[in-house]
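Asks: prediction below, plus the sequence it came from.
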Amino acid sequence: QVQLVESGGGLVQAGGSLRLSCAASGRTISDYAMGWFRQAPGKERAFVAHIRWSGGGVYADSVKGRSTISRDNAKNTVYLQIDSLKPEDTAVYYCAATRKAWVRLASMYDYWGQGTQVTVSS
């Protein structure tokens, strides 16, 4: 069992940056590939980014080029940096763990955090 806790969300102006963190406990994240998803009001949960066990990330087109996913297995933590934030980035951001690589489907993830709210003002 893996427990995930996100942090780092908040209110930020458009054009700003945020670094979200996802701290894991219960098991080491080195056993898992990790992902970030987001859910805006009235919308389905959407893929944001995914990182494999040894690094290497893939991104949704909506954040590609202004987002970086990274992991520190020693700290059991995964990060998501988003730059040049836009109002449409406003959502609750969730991290998740999976034993499968390169997956973008939320249903393929086994463990989820409770989410952290990101609000981008125009």
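Replies: Everything's here; your move. Numbers count the residues shown, from 1 in each chain.
Asks: who does the helix or strand containing Leu80 pair up with?
Replies: Of the helices and strands defined by DSSP states H and E, Leu80 is found in strand 77-82. Looking at strand 77-82 with DSSP bridges, its partner strands are strand 18-25 (antiparallel), strand 67-72 (antiparallel).
Asks: CSV for those strands, including distance to Ala33, mean neighbour count and mean pLDDT?
Replies: Quick note: C-beta positions are derived from backbone N, CA and C, even for glycine. Listed next are the strands paired with strand 77-82 as CSV, based on distance: least, Cβ to Cβ, whole Å; neighbours: other Cβ atoms under 10 Å; pLDDT from 0 to 100:
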stretch, distance to Ala33, mean neighbour count, mean pLDDT
strand 18-25, 12, 19, 97
strand 67-72, 9, 18, 97
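Asks: in TSV, list those strands along with distance to Asp83.
Replies: Converted to TSV, the strands paired with strand 77-82 look like this (distance: least, Cβ to Cβ, whole Å):
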stretch	distance to Asp83
strand 18-25	9
strand 67-72	7
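Asks: strands of the protein, start to end?
Replies: Taking DSSP state E as the criterion, the chain carries its strands at 3-7, 10-13, 18-25, 33-39, 46-51, 57-59, 67-72, 77-82, 91-98, 111-112, 116-121.
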